[in-house]
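Trainee: No sequence on hand, only this structure:
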Ligand code: MN
Ligand code: MN
């Protein structure tokens with residue numbers, strides 16, 4: 001066996017105690033030697049409806065305490081091959097969205113001075129724009145797998161250009177992503193105009209509306225996305241509101257008719273083989289999550305993302 005970091009076992013210390021890190025992994029203050037850094041971005045000042053995602057990282061970590069190291073569905077053993085640690089939360093400025101976005105970009109640039117894959121826990125989806133700015137600064141334009149009820153391609157919201165609903169228009173304008181290798185899965189609901197989604201298709205974005213996914217396996221669609229992206233470096237951004245509110249009610253802007261939890265797992269598992277250089281899980285809002293099920297689901301989706309990162313082998 002290796003000496004890599006392991007989640008603290010429930011046979012060493014009861015699962016309801018111990019550190020509130022992701023999967024009770026060690027907390028790291030240094031990045032050298034890490035393959036994967038879990039980072040919290042506790043922010044909700046970019047949201048348009050319900051707030052509360054500032055508590056997302058804390059609650060996702062709390063619910064992750066029950067996750068064990070081996071993936072019984074896929075055989076993946078991420079902690080055999082990757083050195084993973086939780087590096088804590090970014091020190092965002094809760095009184096200023098624009099300052100917070102700068103802090104996130106600068107923090108990610110510092111993280112990415114190391115050869116590490118960041119796994120972000122949001123926070124509302126506005127965190128992903130500064131993350132993509134830092135990611136593209138290091139890696140160049142990225143393929144993007146964007147799972148969400150919303151396309152997040154508004155030009156502005158209440159006159160503001162940087163919100164949780166404008167992220168991927170800005171990313172497109174700034175050349176942070178490869179439009180023809182940008183995939184939006186699960187979009188649905190009501191819009192400001194009937195054409196809300198279609199402009200992004202003109203940029204090259206590939207969209208899979210929820211209605212086209214109902215009652216279907218997402219394995220074949222995940223395979224198709226993986227084949228289309230090929231070897232291009234890829235960022236995965238997972239908005240928990242892509243799931244139906246029956247599965248994930250604790251979120252800021254819920255939309256009915258969404259993905260099921262098995263569909264979410266099918267999609268993520270089909271991405272194995274992509275050159276994923278970073279990912280995030282956003283929009284978990286604990287105040288609207290009385291059962292804890294949304295944070296539990298978010299924690300497990302992050303774990304399954306960890307299981308498909310480059311270098312993870314199955315037993
Ligand atoms: Mn979103
Ligand atoms: Mn959304």
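Mentor: Nice, I can see it. As the structure is a computational prediction, the values presented were derived from the model and not from experiment. Ligands and ions are numbered 1, 2, ... in the order given.

Trainee: Now do the buried residues in the top strand by length along the chain.
Mentor: Looking across the chain with DSSP state E, the single longest strand is strand 177-185. Across strand 177-185, burial judged by 16 or more other Cβ atoms under 10 Å covers 177-179, 181-185. (Each C-beta comes from the backbone N, C-alpha and C, glycine too.)

Trainee: swap in stretch 134-146?
Mentor: Buried-residue list, stretch 134-146, by 16+ other Cβ under 10 Å: 134-136, 138-139, 141-146.

Trainee: And stretch 11-25, by the same measure?
Mentor: So stretch 11-25, judged by 16+ other Cβ under 10 Å, has buried residues 21-25.

Trainee: Tabulate those residues (TSV), appending distance to residue 9 and secondary structure.
Mentor: TSV is the format used below for the buried residues of stretch 11-25 (distance: Cβ to Cβ, whole Å; DSSP: H, G, I helix; E, B strand; the rest coil):
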residue	distance to residue 9	secondary structure
21	14	coil
22	15	helix
23	11	helix
24	9	helix
25	12	coil
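
Trainee: what's near enough to touch the residue of the stretch 1-150 of the chain found nearest ligand 2?
Mentor: Among the residues of the stretch 1-150 of the chain, residue 150 lies nearest to ligand 2; the distance is 3.8 Å by Cβ to the ion. Residues near residue 150 by Cβ atoms under 8 Å, 6 or more residues apart in numbering: 165, 187, 189, 239, 241, 253, 255.

Trainee: Highest neighbour count among those?
Mentor: Of these, residue 241 is surrounded by the most neighbours, 30 neighbours in total, counting by other Cβ atoms under 10 Å.

Trainee: Check that one and give its pLDDT.
Mentor: You'll see residue 241 listed with a pLDDT of 98.

Trainee: residue contacts, it?
Mentor: Shown in contact with residue 241 (Cβ under 8 Å, 6+ apart): 148-150, 248, 251-255, 258, 283.

Trainee: cool, residue 294 as well?
Mentor: Residue 294 sits next to 240, 247-251, 284-286, 288 when contact means Cβ under 8 Å, 6+ apart.

Trainee: From ligand 1, how far off is it?
Mentor: 15 Å (Cβ to the ion, to the nearest Å).

Trainee: Who's the closest spatial neighbour of that residue, skipping the chain neighbours?
Mentor: Nearest non-adjacent residue to residue 294, counting by Cβ to Cβ, 6 or more residues apart in numbering: residue 250, 3.3 Å away.

Trainee: Surely that neighbour is in contact with residue 293?
Mentor: Yes. Counting by Cβ atoms under 8 Å, residue 250 touches residue 293, with 7.4 Å between them.

Trainee: Which one's more surrounded, these two?
Mentor: Each of residue 250 and residue 293 has its neighbours counted (other Cβ under 10 Å); residue 250 has more, 30 against 16.

Trainee: Check what pLDDT the more buried one gets.
Mentor: Reading off the confidence values, residue 250 has pLDDT 98.
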